[in-house]
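1. sequence plus the predicted model coming up.
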Amino acid sequence: MSITATVENDTIKLPVHVPDGTRVEIVLKTEVQAESPAGSFFDSMRELIGSVEGPEDWAAEHDHYIHGTPQRGKQ
């Protein structure tokens, strides 16, 4: 179960009753900054270029490797 609570005067205010003795885990989350770095989705994906090892003809034969279709270059 997940509960979102509020802290007021160093006290955690829960929106539901939790029985005494219940073990809980508290994870402090920071607010997401309103301004995010500029750039497109593709700009953020650039760091992944070259991170996957694969065959040299991966781009040309992706249907073969993903779906098992016959290779186009070996007809």
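-> Arrived safely, thanks for sending. Fair warning: this is a prediction, and the values are worked out from it, not measured in the lab.
2. what segments of this structure are strands?
-> Taking DSSP state E, the strands of the chain run over residues 6-8, 11-13.
3. tell me which strands and helices the last one is in contact with?
-> To tie it back to what came earlier, the one meant is strand 11-13. Using 3 or more Cβ pairs under 8 Å, 6 or more residues apart in numbering; DSSP states H and E, the elements in contact with strand 11-13 are strand 6-8. For every residue, glycine as well, the C-beta is placed using N, CA and C.
4. could you find the closest non-adjacent residue to D57?
-> Closest residue to D57 apart from its sequence neighbours, by Cβ to Cβ, 6 or more residues apart in numbering: G73 at 6.6 Å.
5. E61 is in contact with that neighbour, correct?
-> Yes. G73 lies in contact with E61 (Cβ atoms under 8 Å); the separation is 6.6 Å.
6. pick out whichever of those two has more residues nearby.
-> Each of G73 and E61 has its neighbours counted (other Cβ atoms under 10 Å); E61 has more, 17 against 9.
7. contacts only, for the more buried one.
-> Taking Cβ atoms under 8 Å, 6 or more residues apart in numbering, we find E61 in contact with 55, 71-73.
8. the same query, at a cut-off of 10 Å, please.
-> Counting by Cβ atoms under 10 Å, 6 or more residues apart in numbering, E61 makes contact with 55, 69-74.
9. same thing with R46?
-> Applying Cβ under 10 Å, 6+ apart, we find R46 in contact with 39-40.
10. and the gap between it and H67?
-> Separation of R46 from H67 (Cβ to Cβ, to the nearest Å): 27 Å.
11. quick one: E61 from T69, how far?
-> The spacing between E61 and T69, counted by Cβ to Cβ, is 9 Å.
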